[in-house]
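Asker: I'll drop the sequence and a predicted model, then ask my questions.
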Amino acid sequence: MQWQREQVLALAPDSASVKAAQQLTTVGKWPTLGAVDGVALWGECQGSGKTPYKTAIDLSDVAFKCSCPSRKFPCKHGLALFLLFVESDAPFATQRTQPDWVASWLAGRAKRNASQIAESPPSPAASVTAGEGDDSQIANPPTESAKAQVRRSAERAQKVAAGIAELQTWLQDLVRSGFVEAQTRPYSYWQQMSARLIDAQAPGLAGQVEALSTLINSGEGWADRLTAAVGKLFLLLEAYQRIEGLPMPLQQDVRTLIGWHQSREEVLAGQGVTEVWFVLSQTLEEEGTLLSQRVWLRGVQSGRYALILNFAHPSNRQTLDTFWRAGTVVDATIVYYTSAVPLRAVATAVTVQAARPAATAQYSTLLTHLPGNTVTDALHGYQTQLNHNPWLTRFPLTLADVAVGINHGDLPLSTFVYDREEQLLPISHKCKTVWQLLSITGGHPAHIFGEWIEDGLLPIGLWYAERYWLL
Amino acid sequence: MSVNATHLPTTVQPDPPQSLTPQPDIVQMWQQLVQQGVLGTARQPTPPPVGEPFVHLWPLTDQQETSANVFDASEQKFLQMAALLTQYMAAARLPRSLDATPMPTGLQPAPLASTPMVADQRAALLRQINREFDQKLLIEWLYYFSRCQEQLPPDLLPALLERSTKDPYLATALAPCLGERGQWLMALNPAWQIDAAASLDAQTWQTGPSAARVNFLEALRADAPAHAREELAAVWLQEGAPDRAAFLATLRINLSAADIPFLEEAVNDRSQQVRAEAVRLLTTIPTAPLRQTILTQLATYLVIERKWLRRQLTVTLPTTFRTEWRQWGLREQSPLSVRIGQKAGWLVQLMTLVPPSALVEALGVDGVELFALIRAGDYAEALITALLEAAENHHDYAFLTAELQHLLRLLQLAQVQQSEFIERFARYTPILPEPERDRLLHQYLTMTERHAFGDWATLQMVVRPFPTLSATVTTRLLTQQLPTLLQRNTRDYGIGRILLDLAYQLDPTGYPHAETLFQRRQGEERPDYVDRFLQIYRLRRQMAQAFGNSVMRDG
């Protein structure tokens, strides 16, 4: 695939590494530079010692190796080598074979990858598929590990139930004493409840209690937001009490919100959707020690949305996907997590199509002319899905031919989009790119992709002047 | 977002759906519920009365057992209602219509672009520079761009405008690049008014910000000098002193004898700042009576006499502080930093009022000779300072250039030390026009070949006043001077700083010389500051190439 400078910089563990790497992006620093097309890069970088550092990059899976003593990963030499490579004028000698030190490293990686695949256990869902029509497997008694798994599940359910009971009491106290009184309570009031839910193996609920603690002092409208959030939390607890009566996909949504996790293997056992996907956005959100990569895709034939979510520690961002680039198209198989409104997904067999502006334009036309792109229809689409999953947040919308308007005189600035039918939706106050949106469109109609969040539309990208702009 | 909900203290979907009635019930229910939550059910146990459309639902939820009966009735009803109303308002919300009242307004869209979008390669460089925020490179990029008929990448406009509000140099560079889209965007945000002059016209110029009004007058003065003066005269008495002085200074553009009457009135202004500006302008006009008066006075204090075969400057200090001097802006207590007596201070101040070339002419000598005579006589330091200041005030550089040329001739004849030339060059060049500076430096470098500078600090002292260096000077520096200095000393801590400055000053065409100069030999360690130097210089080279020769930088 064609790497971009931004993609390389996104791999850096911190801004200091970027700066240090940029100082090494002069050819003179690298007496040796070599590449095997599409396989690996390597180079020797002169450092402060006599012996140059040996740096290599596995292009097939983007992994770095360097002989320098840095504890950062990738180190500045790895980043600099990659930057030199993507900047076209760097003289990499294209060769058929790698030097021994590169070849042995690549061979080691290949061996480890092969052994990992061999050792990975079959997923439960995959076992069921394999057992269909095979009486001997069905008749077999559960193994010891399966028994242990059942026992652990039961123990966790008990812990969660205890945590929920405690949360209900806490919630009752919150409502009885009132939100104003809660404003005066220390942070430990929220934090202790959250910690107890972590102990009860209900991290999802813990996160929601943490969220309440931020709403309590969130400025104008805080009481409305808190009331709504408390109502949704109550609804979730009620749903969990009656989970057996809910449709199966919604049961999974409830369990996910409580804190159960669907493993990647379980997801991949499901049916995939293979087609051409338009990459609508690739964004990184950093919250404390967690870096979230959010990639929105839309199938150009089906019009289905998919959200790829990856997480990493900020110092380990090279584990995030590096091939998503907004405004391009990919061939991929998308497998959705089980949900009443399937959006989150895992992508497999991703092939990034070479930059083909004509194809991109063609797919853009297809996407923006799909039905349901008026303001009324898009909002209705969201509300329909809300009936299936009442806890739905950050729902994707594409609005065709909408212009941006401003309520002058409102402070803070209040903005909205309106379509040809003169129906309007507010732009969320959380939107930080409204000036970019105005600047790109000049107030003219554009096709906007964004997320519908609690107070309005959060624009993320747009089609305007025959290209796709990521905000 | 609905009309009925605008008074709610909320941003969470307070809109009742328009298709369901009665809407006010929903809003009222929500408000009462929030109020109950704020106070707590212990203080306000009664939930809001249940109205449409929940009235038929409510008995069901009321009877339903929840959560193993852990909730008391009041809390349970509150939580049920919060869940229900939140869900209802999100799921049944309808978009507003643009023609409803009271309505937000749309925007008057920007004019459709009449120029093409900036080329991808240029835009990519701008994105890189903007991301790393190198102010000098950003300004240089904008300098090149201002000579193209293209649009700035619109997604970068907000960031550039935002930065310009805190950086006047960037604002000056950005203003001519904004284009129609930028002007349109800027008009939407009062905080971004970096180019207010563009919005002023003959009707509105009197009410704009001061800086914008100055720009307006300057533009008018360039096109119609008399009309600009009349516009200024019309508002003269209404303006404050700082504005009067700033507006008056615009008359320097196309200054002529026709301005004398207006300026002579301004010499009597109540503000000293205005009087000083009027005097400065009047003495620049050869036919102005005031200029003759001052020169006549100076001729009584500075007399050149012949003694034997040599000429000599005799300086006679004024004995009293004349009354008209105060009107011309002179101070009785000398404001000069030079340590001189009071009477010498009066003379120095008087000398700064007239262009040095006019003084030279009045004294019957040439510039080189006057410098020599001053240097040989009393009060040399003070009088030279006066000449430099006068030259700067009146943009009269001819005699300074002549002096430096003279020194170069002496240097060639080995009659002065290199250090003497460098000392004077460094002193005079900051006030010389850039092409003149560059020409003199080039002559000096040619003459001295590889040994123009004894050390890095001397190099820095000489080139510091140059925002940019010409291609010829750049080549000489990179192929002759820097190799010599590098051979002498590469361990000096100051080299990094000096090279970094040079990276922004050297002409981009010289970049290949820099690469050759710093080409790393096998096994040789190269300092980080060299990499940084090459990185910045290479970016400038890429910029110059991206914009092509048609917009290469001046000088």
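Answerer: Cool, the structure landed.
Asker: and the gap between whichever residue of the stretch 301-450 of chain B sits closest to chain A and A:Ala10?
Answerer: Distances between the stretch 301-450 of chain B and chain A by C-beta to the nearest C-beta are smallest at B:Arg450, namely 23.6 Å. Glycine gets a C-beta too; all of them are placed from N, C-alpha and C. Distance, B:Arg450 to A:Ala10, using C-beta to C-beta, to the nearest Å: 47 Å.
Asker: check the burial of the closest residue to B:Ser146 other than its chain neighbours by counting its neighbours.
Answerer: Excluding the flanking residues, the one nearest B:Ser146 by C-beta to C-beta, 6 or more residues apart in numbering or on different chains is B:Pro176, at 4.7 Å. Using other C-beta atoms under 10 Å in any protein chain shown, B:Pro176 is surrounded by 14 other residues.
Asker: could you do A:Arg96 as well?
Answerer: Counted with other C-beta under 10 Å, A:Arg96 comes out at 6.
Asker: anything in the strand or helix carrying A:Val273 near chain B?
Answerer: A:Val273 belongs to strand A:272-287 when elements are defined using DSSP states H and E. No. Strand A:272-287 lies out of reach of chain B by C-beta under 8 Å from any C-beta of the partner chain, never closer than 14.2 Å.
Asker: what strands flank the helix or strand following that strand, and is each parallel or antiparallel?
Answerer: Following strand A:272-287 in sequence order, the next helix or strand is strand A:290-299 (DSSP H and E). Sheet pairing for strand A:290-299, assigned by DSSP bridges, gives strand A:272-287 (antiparallel), strand A:305-312 (antiparallel).
Asker: give me the average confidence score over the last one.
Answerer: Confidence over strand A:305-312, taken as the mean pLDDT, stands at 94.
Asker: where does the prediction get shaky in the chain?
Answerer: In the absence of a named chain, this looks at chain A. Applying pLDDT under 70 to chain A flags residues A:1-3, A:88-90, A:113-144, A:354-360, A:408-413.
Asker: was after chain B, sorry
Answerer: In chain B (pLDDT under 70), the answer is B:1-24, B:51-53, B:55-72, B:98-106, B:195-204, B:334-338, B:489-493, B:520-524, B:549-555.
Asker: so what sits opposite the nearest residue to A:Cys66 once chain neighbours are set aside in the bridge?
Answerer: What sits nearest to A:Cys66 in space, not counting adjacent residues and going by C-beta to C-beta, 6+ apart, is A:Thr55, at 4.5 Å. Residues in a beta bridge with A:Thr55, per DSSP bridges, are A:Gly43, A:Cys66.
Asker: count of neighbours near A:Thr55?
Answerer: Neighbourhood size, A:Thr55 [other C-beta under 10 Å]: 29.
Asker: before we move on, what about B:Ala171?
Answerer: For B:Ala171, the neighbour count with other C-beta under 10 Å is 18.
Asker: wait, it sits on B:Thr165?
Answerer: Yes. Counting by C-beta atoms under 8 Å, B:Thr165 is a contact partner of B:Ala171 at 7.3 Å.
Asker: what residues are shared contacts of the two?
Answerer: B:Ile194 (C-beta atoms under 8 Å, 6 or more residues apart in numbering or on different chains).
Asker: now A:Trp324, what are its backbone angles?
Answerer: As for A:Trp324, its main-chain torsions (degrees, to the nearest 10) stand at phi -80, psi 130.
Asker: just give me the neighbour total for it.
Answerer: Residues near A:Trp324, counting by other C-beta under 10 Å: 25.
Asker: check B:Asp438 too.
Answerer: B:Asp438 has 20 neighbouring residues, counting by other C-beta under 10 Å.
Asker: chain neighbours aside, what residue packs nearest to it?
Answerer: B:Ser470 (4.7 Å).
Asker: wait, the one you found touches B:His442, no?
Answerer: Yes. The pair B:Ser470 / B:His442 is scored as a contact, 7.0 Å apart, by C-beta under 8 Å.
Asker: please identify which of those two sits among more neighbours.
Answerer: Neighbours around B:Ser470 and B:His442, counted as other C-beta under 10 Å, are more numerous at B:Ser470. The numbers are 23 against 16.
Asker: follow-up on the earlier one: for the residue nearest to B:Asp438, give its distance to chain A.
Answerer: Taking C-beta to the nearest C-beta, to the nearest Å as the criterion, B:Ser470 is separated from chain A by 25 Å.
Asker: just confirm yes or no for stretch A:416-424 near chain B.
Answerer: Yes. Contact of stretch A:416-424 with chain B (C-beta under 8 Å from any C-beta) involves A:416, A:418, A:422-424.
Asker: buried ones among those residues?
Answerer: Among those, those that count as buried by neighbour count (16 or more other C-beta atoms under 10 Å in any protein chain shown) are A:416, A:418, A:423-424.
Asker: how about the residue of chain B found nearest chain A, nearest residue that isn't a chain neighbour?
Answerer: Across chain B, the shortest distance to chain A (C-beta to the nearest C-beta) belongs to B:Gly40, at 2.5 Å. Of all residues not flanking B:Gly40 in the chain, A:Gly178 sits nearest, at 2.5 Å (C-beta to C-beta, 6+ apart).
Asker: you'd agree that neighbour is up against B:Pro45?
Answerer: No. With contacts counted by C-beta under 8 Å, A:Gly178 stays clear of B:Pro45, the gap being 11.5 Å.
Asker: more neighbours: those two, which one.
Answerer: A:Gly178 (19 against 15).
Asker: distance check, that one against A:Pro371.
Answerer: Counting by C-beta to C-beta, the gap from A:Gly178 to A:Pro371 is 47 Å.
Asker: need the strands paired with strand A:290-299 in JSON lines with mean neighbour count, can you?
Answerer: Output for these, formatted as JSON lines (neighbours: other C-beta atoms under 10 Å in any protein chain shown):
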{"stretch": "strand A:272-287", "mean neighbour count": "18"}
{"stretch": "strand A:305-312", "mean neighbour count": "18"}
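Asker: give me the contacts around stretch B:505-525.
Answerer: Stretch B:505-525 has contacts (C-beta under 8 Å, 6+ apart) with A:28-29, A:31, A:46, A:48, A:50, B:463, B:466-471, B:473-475, B:477-479, B:482-483, B:486, B:526, B:530, B:533-534, B:537-538, B:540-541, B:543-545, B:553.
Asker: not counting sequence-adjacent ones, nearest residue to the residue in the stretch 301-450 of chain A that chain B sits nearest to?
Answerer: The nearest approach of the stretch 301-450 of chain A to chain B comes at A:Gly442, 3.2 Å away (C-beta to the nearest C-beta). Leaving aside its sequence neighbours, A:Gly442 sits nearest to B:Ala110 (C-beta to C-beta, 6+ apart; 3.2 Å).
Asker: am I right that the one you found is in a strand?
Answerer: No. Counting by DSSP: H, G, I helix; E, B strand; the rest coil, one finds B:Ala110 to be coil, located in no strand.
Asker: for it, give me phi and psi.
Answerer: phi -70, psi 150.
Asker: can I assume it is in contact with B:Gly182?
Answerer: No. Applying C-beta under 8 Å as the test, B:Ala110 and B:Gly182 come out as separate, 9.4 Å apart.
Asker: count the neighbours of residue 146 for me.
Answerer: Went with chain A since none was named. Neighbourhood size, A:Ala146 [other C-beta under 10 Å]: 13.
Asker: ah, no, chain B please
Answerer: B:Ser146 - counted by other C-beta under 10 Å - has 14 other residues nearby.
Asker: likewise for A:Lys432?
Answerer: The local packing of A:Lys432 (other C-beta under 10 Å) involves 10 other residues.
Asker: what secondary structure does the residue nearest the centre of chain B sit in?
Answerer: Among the residues of chain B, the one closest to the centroid is B:Tyr169, at 2.2 Å (C-alpha atoms, centre = their mean). Classification of B:Tyr169 using three-state DSSP returns helix.
Asker: ok, the closest residue to it other than its chain neighbours - contacts?
Answerer: The shortest distance from B:Tyr169 to any residue other than its chain neighbours is 6.2 Å, reached at B:Ile139 (C-beta to C-beta, 6+ apart). If you count contacts by C-beta under 8 Å, 6+ apart, B:Ile139 has them with B:169-170, B:173.
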